[in-house]
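Participant: Could you work out the structure for the sequence below:
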Amino acid sequence: MIDLKERLSRIYGADVACELGKRIETRILETKRKRFIVRRSGTKKMSF
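Facilitator: Next up is the predicted model:
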């Protein structure tokens with residue numbers, strides 16, 4: 001995540017990178033929740 005934010009801040013500037021970073025983080029959290037719900041029975045846990 002940190003590397004991605006650094007790249008974005010270099011390309012777009014700090015403010016935009018912050019916004020995008022927040023959006024990306026929330027998306028990752030949402031997908032993690034979905035994956036944990038799906039994979040609760042458990043064979044493999046997908047790590048993001």
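
Participant: So which elements touch the helix ranked longest in the chain?
Facilitator: As assigned by DSSP state H, the longest helix anywhere in the chain is helix 14-38. Judged by 3 or more C-beta pairs under 8 Å, 6 or more residues apart in numbering; DSSP states H and E, helix 14-38 is in contact with helix 2-12. Using the backbone N, CA and C atoms, a C-beta is placed for each residue, glycine as well.

Participant: What are the buried residues along the helix it packs on?
Facilitator: Going by neighbour count (16 or more other C-beta atoms under 10 Å), the buried part of helix 2-12 is 5, 8-9.

Participant: before we move on, the earlier item: what's the angle from the longest helix of the chain to helix 2-12?
Facilitator: 140 degrees (axes from the mean of the first three to the mean of the last three C-alpha atoms, to 10 degrees).

Participant: Could you pull up the mean pLDDT of helix 14-38?
Facilitator: The pLDDT scores in helix 14-38 average 75.

Participant: May I see the buried residues of that helix?
Facilitator: Those would be 17, 20-21, for helix 14-38 by 16+ other C-beta under 10 Å.

Participant: Look up the closest residue to residue 9, ignoring the ones flanking it.
Facilitator: Once flanking residues are discounted, residue 9 sits nearest to residue 17: 3.7 Å by C-beta to C-beta, 6 or more residues apart in numbering.

Participant: Please verify my assumption that that neighbour contacts residue 24.
Facilitator: No - the pair residue 17 / residue 24 is not scored as a contact, 10.1 Å apart, by C-beta atoms under 8 Å.

Participant: what do these two both touch?
Facilitator: Contact criterion C-beta atoms under 8 Å, 6 or more residues apart in numbering; residues shared by residue 17 and residue 24: none found.

Participant: Out of the buried residues of helix 2-12, which one has the weakest pLDDT?
Facilitator: Note: of those, the lowest pLDDT belongs to residue 8, at 70.

Participant: wouldn't it be in contact with residue 16 here?
Facilitator: Yes - using C-beta under 8 Å, residue 8 makes contact with residue 16 at a distance of 7.0 Å.
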